[in-house]
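Undergrad: Make a model of this:
(one chain, ligands or ions: 2)
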Amino acid sequence: MAAGLGTRMKSNRAKVLHKLDGRPIVSHVCKVALALKPKGVFVIVGHQAEEVRAVIEKDFAAAKDQLAFVHQREQRGTGDAVMAAETNLAGENRTVLILSGDVPLVRAQTLTKLLEEHLSARAACTILSVRLENPTGYGRMIRDDAGGFAKIVEQKDATDDERQVREINTGIYCFESAKLVAALARIKPNNKQGEYYLTDVPAILKSDGDQVAIHLHNDAREVSGVNTRAELAEFENLVRRNTIRRLMLEDGVTFVDPSHTYVSSEATVGRDTIIQPNVHIQGKSVIGEACEIHQGSRVTDSRIGDRVIIKDHCVIVDSEIANDCAVGPFAHLRMNAVMEERSVVGNFVEVKKSRIGRGTKSMHLTYLGDATIGEETNIGAGTVTCNYDGKDKHPTIIEDHVRIGSDTMLIAPVRVGHGSVTGAGSVVTEDVPPNTLVAGVPAKVKKKLKG
Ligand code: UD1
Ligand code: CA
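TA: Ligands and ions are numbered 1, 2, ... in the order given. Below is the predicted model:
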């Protein structure tokens, strides 16, 4: 169920689109749903349906055959949301697991247990519940004298006595689809919110003599919903602490200040890598062993080899850095920048969609865009690949063992041959043959160098 706006977020954006651990809340729920390998996953969308649908289709492109979207036209409550999926539930009886789009941390293991218990009890419905210190805001689980299920009462409809109950409905349930569909037709919006409550269904089943079971879970956080931004921040903190703890204890990563370091749970970091404060490692980044990442750097969806040093305040996005390289301080790699082994990119160097060959250095104040640079080449300070003519982007090719003089402008498309040298301040408008010194504006051949 992901159709609600999430009023308590005080946002123009649907709650399930807010990000936790770098991904929309609803993506966490879809991920766990797909992990159970069900026959199908139906995502009920309504508020900002197109956006919700788009993020899920993007995040789960590989699973698109298992995913379908159901449109809930008006958000008239959780019961109405499930009713919107009625045609998908009709026909042969199946076991349906209902998840809330705003409960992002629930684990597949917990849901598997719930399903097993549901099936072995032959229940029409099994509700996942938990006890909370502070149950305010949640639907309360009211039990009968024998300790079995009696009903669920929402906070707003509860009596003072009922509000004392600390056991709450997590909003996660198993239902037998035939019973669910039949009971949904009978719920009425006669409550304080004027909504169709899914939580009224279990009591209807029970009154029909069907079995309603409760599975009491022991980890409150895991099955709690995000309702406010304050809760979202708490969840973020919790996920982050768990990730960093796992990296320290299981993977041997050093964090100089764990509480001020931000690592996505989907990233991996190798043994003996040291991460300084205020580093962000985002997305599915892979960091090798024995690296150093200095303060203030951000690595997003990138692959970093072993023994790489990333000095302070670098931004590395969608890029790849091989073993024994050094980057920064203040370097920017983006759009599939590739650094081969032992290459160095220094301060105030931007590398976009370019490949830097083994052992090549570009130490200062340089822009390399759409460039392919060979091995053991040196790029002087202030070099610019002038790759854009105002309309199109053009490539620059610099072969092996080249020395590009300081402040060289390479007017692309252009190629500098193997072993050649450009003088400081050259504006290279034509291809430079191998083993040739060029200089000037525009650069002219000065002499042939020994090969
Ligand atoms: C719901 C439960 C409550 C439970 C709590 C656990 C009901 C009536 N109450 O309350 O017992 O303790 O979850 O977190 O079910 N949604 C739709 N369409 C709608 C309304 C909601 O898709 O018309 C979706 C929301 O996007 C959200 C989920 O259903 O993902 C839960 O809705 P929400 O409004 O947050 O329910 P709660 O008030 O938290
Ligand atoms: Ca909720």
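Undergrad: What is the neighbour count of whichever residue of the chain sits closest to ligand 2?
TA: When scored by Cβ to the ion, the chain has Gly225 as its residue closest to ligand 2, at 3.7 Å. For glycine as for every other residue, the C-beta is placed from the backbone atoms N, C-alpha and C. Around Gly225 there are 22 other residues, counting by other Cβ atoms under 10 Å.
Undergrad: mind saving the C-alpha coords of stretch 160-180 as CSV?
TA: Output of stretch 160-180 as CSV, limited to C-alpha atoms (Å, rounded to 0.1, in the frame of the first residue of the first chain):
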residue,chain,number,x,y,z
ASP,A,160,-9.1,5.7,27.2
ASP,A,161,-8.8,2.1,28.3
GLU,A,162,-8.0,0.8,24.8
ARG,A,163,-5.3,3.5,24.5
GLN,A,164,-3.5,2.0,27.4
VAL,A,165,-2.8,-1.1,25.3
ARG,A,166,0.8,-1.2,24.2
GLU,A,167,0.5,-4.0,21.7
ILE,A,168,0.0,-2.4,18.2
ASN,A,169,-0.9,-3.5,14.7
THR,A,170,2.2,-3.2,12.5
GLY,A,171,0.1,-2.9,9.3
ILE,A,172,1.5,-6.1,8.0
TYR,A,173,-0.8,-9.1,7.6
CYS,A,174,-1.4,-12.4,5.8
PHE,A,175,-4.8,-13.1,4.4
GLU,A,176,-6.5,-15.9,2.5
SER,A,177,-7.6,-13.9,-0.6
ALA,A,178,-11.1,-15.3,-0.9
LYS,A,179,-11.9,-14.5,2.7
LEU,A,180,-10.3,-11.1,2.4
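Undergrad: And that stretch, what's buried?
TA: Going by neighbour count (16 or more other Cβ atoms under 10 Å), the buried part of stretch 160-180 is 165, 167-177, 179-180.
Undergrad: Out of these, give me the two with the largest separation.
TA: Maximum pairwise distance among the buried residues of stretch 160-180 (Cβ to Cβ): 29.2 Å, between Val165 and Ser177.
Undergrad: on that earlier part again, the buried residues of stretch 160-180: which ones sit near ligand 1?
TA: Applying Cβ under 6 Å from any ligand atom to these, one finds that 168-171 fall near ligand 1.
Undergrad: how about low-confidence regions in the stretch 301-450 of the chain?
TA: Residue ranges of the stretch 301-450 of the chain with pLDDT under 70: none are present.
Undergrad: Please list all residues in contact with the residue of the stretch 51-200 of the chain found nearest ligand 1.
TA: Residue nearest to ligand 1 within the stretch 51-200 of the chain: Gly139 (2.1 Å; Cβ to the nearest ligand atom). Shown in contact with Gly139 (Cβ atoms under 8 Å, 6 or more residues apart in numbering): 152-155, 168-169, 171, 199.
Undergrad: Could you find the closest non-adjacent residue to Glu335?
TA: Check again: residue 335 is Met, not Glu. Nearest residue to Met335, sequence neighbours excluded (Cβ to Cβ, 6 or more residues apart in numbering): Lys353, at 4.5 Å.
Undergrad: Could you check how many residues crowd around that neighbour?
TA: With other Cβ under 10 Å as criterion, Lys353 counts 19.
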